[in-house]
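Colleague: I'd like to go over a predicted model; first the sequence, then the structure.
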Amino acid sequence: MRPLRWIGASVRRKTMAVVIATTVIALLVSAAAMLFYEVRTLRETHLAELRTQAEIIGRASGPALAFKDRKAAAQDLLMLRGRPDIELAALYALDGTLFASYARAGQSGIPPRAGAPGYRLEGDSVTLFHAVTDANEDLGTVFLRSSAGLRERMQDYVAILGSVLALSLAVAWLVSVWLQRAVTGPILNVAGAARQVFERRDFSVRAEKRTEDEIGMLADTLNRMLADLEREMTERREAEGAIRAADRRKDEFLATLAHELRNPLAPIRNALYIMQAARDNPAAVAEARAIIERQLAQMVRLVDDLLDVSRITTGKLNLRKEQVDARAVAQSAIEAVEPLARARGHALRVALPPTGVTLDADPTRLAQVFLNLLNNAIKFTDPGGRIDFEVEVAAGELVARVRDSGVGIAAEMREEIFEMFAQVDRSLERSTMGLGVGLSLARRLVELHGGTISVSSAGPGKGAEFVVRIPLAGERQPAARDDRAPFARASAARPHRILLADDNLDFASSFATLLRRMGNEVRVEHDGPAALAAAGEFRPEIAFLDIGLPKLNGFDLARRLRGLSATAGSKLVAVTGWGQPSDRQLASEAGFDDYMVKPVEIERIQAILRAA
């Protein structure tokens, strides 16, 4: 368990343990090697000295042994008193008997007889028997027992080793502290930053760069990675917020669209009931018809707004610019909103520039900008309010101001209201509704004219002011207006043979009735093959064809009709709910002469009939 616990310890502890353990092991191994070497050297040196001492005593005592002078021999042994390490000494006769002896105080154990020449180690003592010779003649034997001093030497050595070990451990501890600051400290700093990021999910944490080495590079790399992650997380949160906001606006838009479509449908249905119940009352029928016309116009405007949104988001909204009179454009917008302003009891104050102030603009789209702003002002102002519409020239720009005394705009909503499908008032109690596309369309149309639109408000309940700025036109010749469907205005159209193909039974029936009331002969079919067969025998002068016909779509039907001799010269008119420029282009390529988007206007139908 302990090794596993040590492995799981911190880097700081591991570093200290490694440094200290390495130091201790190195010192112990070195001490053991030096001790072994010291003991061996000490013994060899002491043995060599002891042999030399024995040789000296042998030479000095040779005459005493030869003449059997024990007193002289004893005197020779007394010379060993100057060697405190020699404990016992003796001289033996040639027959091995003890001849003379010396013993240091407190020492005993002199062998009674001489041993064989040689030495023996016994603990700290060295015992030596050495032959005494003279001219190659054996005279006797010298015995010496000496203390090598290994115990004292070892004690001193251990004391020195302990001191060295303590000093080395102190140095090792200082080295480990330095390593912690220089190595483990920066590593732990990086590890701590990574742990905080993991535990807190806080990507703003940064590791402190303390060194310029690889660890410093690691800290830099971690910080750059965290910065990238923080930026990505911020972008992700912003994207998620935008998605949630877009999803909320989508839901609000769908709910509002359903509300706005149901609102005109309800009075249309009521008007139909009135017309059915009051057939003999021309005034009631006329009033019901007026209701249907007003509500139908409202529905057409909603659909047109949605189509404009689609054109803007796909980049297919094109302006048909020409030099136009600013006063005339503004006046057309005023004429369109005056009935609504009167109905709500508003005081509409208008200040327009004189005639002759020209703009390089699309008159229809510019009037749509003013109309959207004025409609918003009227809708979001309580009955009996005040609406100011001022148009003036300032610093080479046309400046149009729409000011109201209505509900006002909170500061945080002044930019958001220009977003697509944005709603200032999301409560169910709001009295005015809309799709939330009018201001977005207005801003985009103004920008396409090279201008700007801004809003200011003192706050909720204090009204608002919208300001449009558009550069005035330079000097150039007025461009001829390119009407998409230039039709001659004749007093009345002659009767025609007309083929009508549409799978919507109610539309086909009502459209056929309308055409017959104009004096035309009409044949109705509800799918592509039936219309193709009817065309061969009916030989129509004009064919109104739906694009989304079953079995054979309107594009393919038009191509087939162009290949028939009976309809080679017929006028083909597309009548469809698809109104994108790409749809018009496909219709032209398929052979259609004209294009109408549902709901169709009677004036347009009459123009087509007159031109045929």
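Modeller: Received the coordinates, thanks.
Colleague: pLDDT weak spots in the stretch 251-400 of the chain?
Modeller: 251-264, 266, 297-298, 301-302, 304-317 (pLDDT under 70).
Colleague: where exactly do the helices run in it?
Modeller: 282-313, 326-343, 363-379 (DSSP state H, counting those that start in this stretch).
Colleague: for the ones you listed, which one ends up most surrounded?
Modeller: helix 363-379 (a mean of 22; mean count of other C-beta atoms under 10 Å). Glycine gets a C-beta too; all of them are placed from N, C-alpha and C.
Colleague: elements contacting that helix?
Modeller: Under the contact criterion of 3 or more C-beta pairs under 8 Å, 6 or more residues apart in numbering; DSSP states H and E, helix 363-379 touches strand 322-325, helix 326-343, strand 386-394, strand 397-404, helix 438-448, strand 464-471.
Colleague: out of the ones you listed, the one nearest residue 284 is which?
Modeller: Distance to residue 284, taken as C-beta to C-beta, is lowest for helix 326-343 among the helices and strands packed on helix 363-379, at 20.7 Å.
Colleague: give me the distance between residue 600 and residue 217.
Modeller: Distance, residue 600 to residue 217, using C-beta to C-beta, to the nearest Å: 73 Å.
Colleague: looking at these two, which one has more neighbours?
Modeller: Counted by other C-beta atoms under 10 Å, residue 600 and residue 217 do not tie: residue 600 has more neighbours, with 16 against 12.
Colleague: was I right to think that one contacts residue 576?
Modeller: No: the pair residue 600 / residue 576 is not scored as a contact, 10.1 Å apart, by C-beta atoms under 8 Å.
Colleague: can you tell me which residue is spatially central in the chain?
Modeller: Among the residues of the chain, residue 232 comes closest to the average C-alpha position under C-alpha atoms, centre = their mean, at 2.3 Å.
Colleague: so who does that one touch?
Modeller: For residue 232, no residue meets the contact criterion (C-beta atoms under 8 Å, 6 or more residues apart in numbering).
Colleague: so it sits in a helix?
Modeller: Yes: in this structure, residue 232 lies within a helix as judged by DSSP: H, G, I helix; E, B strand; the rest coil.
Colleague: use 15 as the first number from now on
Modeller: Okay, using 15 as the starting number, the last item reads as residue 246.
Colleague: and the pLDDT at it?
Modeller: Predicted confidence (pLDDT) for residue 246: 80.
Colleague: against residue 104, how distant is it?
Modeller: Residue 246 is 98 Å from residue 104, by C-beta to C-beta.
Colleague: what of residue 513?
Modeller: For residue 513, the distance to residue 104 - C-beta to C-beta - is 155 Å.
Colleague: just the helices in the stretch 65-214 of the chain please.
Modeller: 84-91, 164-193, 199-214.
Colleague: which strands and helices sit next to the longest one?
Modeller: Helices and strands in packing contact with helix 164-193 are listed as helix 25-80; criterion 3+ C-beta pairs under 8 Å, 6+ apart.
Colleague: and the helix it packs on, average pLDDT?
Modeller: Helix 25-80 comes out at a mean pLDDT of 79.
Colleague: same check, this time on stretch 513-521
Modeller: Taken as a whole, stretch 513-521 has a mean pLDDT of 87.
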